[in-house]
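Asks: Prediction below, plus the sequence it came from.
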Amino acid sequence: MIAQDISHDPHARLVFAHTELRAQLHALLRAARLMLLGKGDFALAPVIAKALRFLAVDVQLHARDEEESLLPRLRAKLKDPQSHFAYLLEHIEQDHHELSQLHRDFDAAARKLSARLPFEGAAQRGQLEPELKIYRERLSSLIAIYDSHMKVEERDIFPALAVVFTPEERSAIAAEMNERRAMVVT
Ligand SMILES: [Fe+2]
Ligand SMILES: [Fe+2]
């Protein structure tokens, strides 16, 4: 039902992606906390794998929605290229650039950590180091950037969709977002 609704509503699709991203980051954080408590067992492996897949596939599609469908159209509407809004668009793109490297680093750390989880029983924290420490450091960097990044997008960028675009432009954006997903082989 949700998928049907968001396919016609770019704003809803963007917000939905943020909601899911927050949930996946939370799941990754919860996994780290359990491992710190000596409760790192193999049940965490699929949780981490699901979140990594979301970060690698869905989040990349979401970033392309913003970079290819939203930001260029907003930039084209700018009356003052020196405005605060213009600065925000620039800032969003810089964050994306920084995040893509961070995603790769975190993915590698999470895979190494996941491979250390025992098939039976739970690992003590010490058995998962130093991978657990690296995972936690990279995850907190990801969370810190995404936290402020998503707030700025939700507060300052996404609402512009309803204000500056005509219904036809919003339909064109929705069509591009749908097309982007149709190209992904799952
Ligand atoms: Fe973004
Ligand atoms: Fe976003």
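Replies: Happy to help now that I have it. Ligands and ions are numbered 1, 2, ... in the order given.

Asks: list the contacts for Ser141?
Replies: Listed by C-beta atoms under 8 Å, 6 or more residues apart in numbering, the contact partners of Ser141 are 102, 106. Yep, even glycine has a C-beta here, placed from its N, CA and C like the rest.

Asks: what's it sitting at in phi/psi?
Replies: Backbone geometry at Ser141, expressed as degrees, to the nearest 10, gives phi -60, psi -50.

Asks: Just the pLDDT at it, thanks.
Replies: pLDDT for Ser141: 97.

Asks: same check, this time on Glu66
Replies: Per the predicted model, pLDDT is 97 at Glu66.

Asks: Distance of Ala109 relative to Leu102?
Replies: 10 Å (C-beta to C-beta, to the nearest Å).

Asks: err, Val164, not the other one
Replies: From Val164 to Leu102 the distance is 30 Å (C-beta to C-beta).

Asks: Give the residue from these two that has the larger number of neighbours.
Replies: Neighbour count, other C-beta atoms under 10 Å: between Val164 and Leu102, Leu102 has more, with 18 against 14.

Asks: Hmm, Leu142 and the more buried one touching each other?
Replies: Yes - using C-beta atoms under 8 Å, Leu102 makes contact with Leu142 at a distance of 5.6 Å.

Asks: leaving aside the residues next to it on the chain, what's closest to the spatially most central residue of the chain?
Replies: Computing the C-alpha centroid of the chain and ranking residues by C-alpha atoms, centre = their mean puts Val59 first, at 4.2 Å. With C-beta to C-beta, 6 or more residues apart in numbering as the criterion, Val59 has its nearest non-adjacent residue at 6.1 Å, and that residue is Leu21.

Asks: Ok, Asp41 next?
Replies: Asp41 sits nearest to Ala122 (C-beta to C-beta, 6+ apart), 4.4 Å away.

Asks: After the worst-scoring helix or strand of the chain on mean pLDDT, which helix or strand is next? Please name it.
Replies: Using mean pLDDT, DSSP states H and E, helix 2-6 stands out as the lowest-scoring helix or strand of the chain, at a mean of 63. Once the chain leaves helix 2-6, the next helix or strand it forms, by DSSP states H and E, is helix 10-36.

Asks: Just give me how far the next helix or strand after that next one sits from the chain centre.
Replies: Once the chain leaves helix 10-36, the next helix or strand it forms, by DSSP H and E, is helix 44-53. Remark: helix 44-53 is offset 14 Å from the chain centroid, using C-alpha atoms, centre = their mean, to the nearest Å.

Asks: Helix 10-36 and helix 44-53, what's the angle between them?
Replies: Interaxial angle, helix 44-53 versus helix 10-36 (axes from the mean of the first three to the mean of the last three C-alpha atoms, to 10 degrees): 150 degrees.

Asks: Only the buried residues of the helix or strand following helix 44-53, if you could.
Replies: Heading C-terminal from helix 44-53, the first helix or strand you meet, by DSSP H and E, is helix 59-64. Buried residues in helix 59-64, counted by 16 or more other C-beta atoms under 10 Å: 59, 62-63.
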